[in-house]
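Trainee: Structure of the sequence below:
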Amino acid sequence: MAKDHDWAGAKKAWVTSTSTFETVGKKLGIPPGLMRKRAGREGWKAEREEFSRRVEAEVTEELIETTVKDLKEWNTETLTEARRLREAARSLFMRKRTDGRWIHTTKVSAQGLQAAAAANMTADKLARLALGASTDNQSHRQLPASVDDFV
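Mentor: Down below sits the predicted model:
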């Protein structure tokens, strides 16, 4: 008389894992050869491949969503820091008026201008990266007409 095996459990255990017929069969008391025959007859391999594709797609989608969320948050923070850096550079020799415009407050040394220019270039690169633009070869830009346009 044939032994009554848990075929539904065997199928589920094999299809939803990377286990071998030997491993699943040992756990459930089913000879591996018998499992192979039944799996071949019922198409377990195709179901396992489909299950693997679904799991991979779900994991990939979740990873993409998490990455996009993290990147968006990072870019928002980077853009904020770029703005702060630009304001810090401006504040070396300018002050912001109540209408939001910047006016010169003191004469600036060459070193101060150099520091402001470096900070502004760094802020520009940070902002470009945060907005998805290239930071490569930005040296071809025309110089601004005035310091107000520059900072």
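
Trainee: going forward, measure contacts and count neighbours with C-alpha atoms only.
Mentor: Fine.

Trainee: what mean pLDDT does the longest helix along the chain have?
Mentor: The longest helix of the chain (DSSP state H) is helix 44-90. Averaging pLDDT along helix 44-90 yields 89.

Trainee: How about stretch 26-40?
Mentor: The average pLDDT within stretch 26-40 is 96.

Trainee: That one: which residues count as buried?
Mentor: Across stretch 26-40, burial judged by 16 or more other C-alpha atoms under 10 Å covers 30, 32, 35-36, 39.

Trainee: go on, stretch 74-93?
Mentor: For stretch 74-93, by 16+ other C-alpha under 10 Å, it's 75, 78-80, 82-83, 85-87, 89-93.

Trainee: Out of those residues, which is nearest to L63?
Mentor: N75 (17.8 Å; C-alpha to C-alpha).

Trainee: right, and the closest one touches L131 too?
Mentor: Yes: under the criterion of C-alpha atoms under 8 Å, N75 makes contact with L131 at 7.2 Å.

Trainee: Need the residues that contact stretch 94-102.
Mentor: 103-106, 148 (C-alpha atoms under 8 Å, 6 or more residues apart in numbering).

Trainee: how about V15, what does it touch?
Mentor: Taking C-alpha under 8 Å, 6+ apart as the test, what V15 contacts is 44-45, 47-48, 51.

Trainee: Just the buried subset of these, written out for ChimeraX, thanks.
Mentor: Restricted to buried positions by 16+ other C-alpha under 10 Å, the ChimeraX selection for the contacts of V15 reads:
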select :44,47,48
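
Trainee: right, and out of the contacts of V15, which lies closest to T122?
Mentor: In terms of C-alpha to C-alpha, no member of those lies closer to T122 than F51, at 48.2 Å.

Trainee: who's in contact with that closest one?
Mentor: Counted by C-alpha under 8 Å, 6+ apart, F51 has contacts 15-16.

Trainee: how about a cut-off of 10 Å?
Mentor: Counting by C-alpha atoms under 10 Å, 6 or more residues apart in numbering, F51 touches 15-17, 45, 57.
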